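Novice: okay, sequence plus prediction incoming.
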Amino acid sequence: MSSTEHIQVRLNGKDRDITFGHTVQSLLEAIEINPLAVVVELNKQILGRDRYSDFDIREGDTIEVVHFVGGG
């Protein structure tokens, strides 16, 4: 598969076409999300921030990105 091809994933409950070849880290950067301000769940597995670059996004993956909200 070339880097110009797209795959479909489910991102925060919505189907989305993304460019093939992303890691969790590069996907967050592509959608302009600060990886230090979120927790990512990939296929029901919570990932450690220091490993976002280790996980390739594949066709059919389910990704949940949860933002931290401050307050009190």
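Specialist: Good, I have the coordinates.
Novice: how close does residue 38 sit to residue 66?
Specialist: Distance of residue 38 to residue 66, given as C-beta to C-beta, to the nearest Å: 6 Å. (Each C-beta comes from the backbone N, C-alpha and C, glycine too.)
Novice: looking at the two, which is more packed in?
Specialist: residue 38 (15 against 12; other C-beta atoms under 10 Å).
Novice: isn't that one up against residue 68?
Specialist: Yes. Shown here, residue 38 and residue 68 form a contact pair, counting by C-beta atoms under 8 Å, at 7.0 Å.
Novice: okay, which residue is most central for this protein?
Specialist: residue 24 (4.3 Å; C-alpha atoms, centre = their mean).
Novice: quick one: contacts for that residue?
Specialist: Neighbouring residues of residue 24 by C-beta atoms under 8 Å, 6 or more residues apart in numbering: 40, 42, 47, 52, 53, 55, 57, 63.
Novice: which strand residues bridge the second one?
Specialist: Assessed by DSSP bridges, residue 42 has beta-bridge partners residue 45, residue 63.
Novice: what sits against it?
Specialist: 24, 55, 57, 61, 62, 63.
Novice: picking that back up, could you identify the most distant pair in the contacts of residue 24?
Specialist: Maximum pairwise distance among those (C-beta to C-beta): 14.8 Å, between 53 and 63.
Novice: of the two, give the one with the bigger neighbour count.
Specialist: More neighbours surround residue 63 than the other of residue 53 and residue 63, with 20 against 12 (other C-beta under 10 Å).
Novice: residues contacting the more buried one?
Specialist: So residue 63 contacts 9, 10, 11, 12, 24, 27, 40, 41, 42, 57 (C-beta under 8 Å, 6+ apart).
Novice: quick one: residues contacting the residue nearest to the last one when sequence neighbours are not counted.
Specialist: If the residues on either side of it in the chain are set aside, residue 57 comes closest to residue 22, at 4.5 Å by C-beta to C-beta, 6 or more residues apart in numbering. If a contact means C-beta under 8 Å, 6+ apart, then residue 22 has 30, 56, 57 as its contacts.
Novice: fine by me, we can end here.
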